[in-house]
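Build me a model:
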Amino acid sequence: MAKELFHISNEPDVKEFEPRSCKNPITGKSENLVWAIDADHLHNYLLPRDCPRVTYFVKEDTTAEDIKRLMSGTAAKYVVAIEITSFSKIIDEVLYKYVFDSKGFELIDEAAGYYVSKNRVIPKSVYKITDILNELLQYDVELRIMPSLWELRENVIHSTMQYSIIRMKNASPPAKGYDKYHPLP
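Here you go, the predicted structure:
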């Protein structure tokens, strides 16, 4: 049996996913693709699409110093940090978790759990998520709500953690002294 992959959307009732033109971040080429995420990385996407976030977790070669500095005080496996300005959207928005069979998908980034298909994909099922916070916390996540993500972003990028930085172009401008990190590379 093929493993399941997922696509999170704010659109209900998508009967089929057609490949859309986008720049593949791995190859740098524009391609028509349907994107999916594996179960191990699903928690990174259980937020409104435009919500900026810094997500990370301990990997095999993460140093004890980085664990102490970035995971101190949590028993959760994953940390997902958002800005306080995104909190009301998380409370109000409804998401839909589409489930795909992995057949026809290609793994393009194991560390991020990204899969793509160049073909039309029909979901096996869809689940409505009306309580994003509760759904997110089912995945062994500590949710950190912060005034700004910029300092955490820099600490995580320069650590030995496995991380994903998502939609930082939508983040509040960095505080004075962090302007060298904006715009994003």
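
Could you pull up the residues touching A171?
52, 83, 148-150 (C-beta atoms under 8 Å, 6 or more residues apart in numbering). (C-beta placed from N, C-alpha, C; glycine too.)

ok, it to E142 distance?
From A171 across to E142, the span is 19 Å (C-beta to C-beta, to the nearest Å).

what do you get for C51?
Distance, C51 to E142, by C-beta to C-beta: 16 Å.

my read: K59 touches E110, true?
No - using C-beta atoms under 8 Å, K59 makes no contact with E110, being 11.5 Å away.

that older thread, C51 and E142: which has the busier surroundings?
C51 (22 against 16; other C-beta atoms under 10 Å).

Can you name the helix or strand that the more buried one falls in?
Assigned by DSSP states H and E, C51 belongs to no helix or strand.

from what I can see it touches I82, true?
Yes - with contact defined as C-beta under 8 Å, C51 counts as touching I82 (6.0 Å).

Spit out the residues that contact these two alike.
With C-beta under 8 Å, 6+ apart, C51 and I82 have common neighbours I90.

Buried residues in stretch 138-152, which are they?
139, 141-143, 148-150, 152 (16 or more other C-beta atoms under 10 Å).

distance between the ends of it?
With C-alpha to C-alpha, to the nearest Å as the measure, stretch 138-152 spans 23 Å from end to end.

what are the ranges of the helices in the protein?
For the chain, the helices defined by DSSP state H occupy 64-71, 87-92, 132-137, 150-157.

packing partners for the last one?
Secondary structure elements in contact with helix 150-157, counted by 3 or more C-beta pairs under 8 Å, 6 or more residues apart in numbering; DSSP states H and E, are strand 53-57, helix 64-71, strand 162-166.

mind listing what the last one pairs with, with the direction of each?
Spelled out, it's strand 162-166. strand 53-57 (antiparallel) (DSSP bridges).

Am I right that T130 is in contact with V94?
Yes - using C-beta under 8 Å, T130 is in contact with V94, at 5.5 Å.

Looking at these two, which one has more neighbours?
V94 (12 against 9).

List the contacts of that one.
V94 neighbours (C-beta under 8 Å, 6+ apart): 10, 12, 128-130.

Now with 6 Å, please.
T130 (C-beta atoms under 6 Å, 6 or more residues apart in numbering).

From M161, how far off is S117?
Taken as C-beta to C-beta, the span from S117 to M161 is 29 Å.
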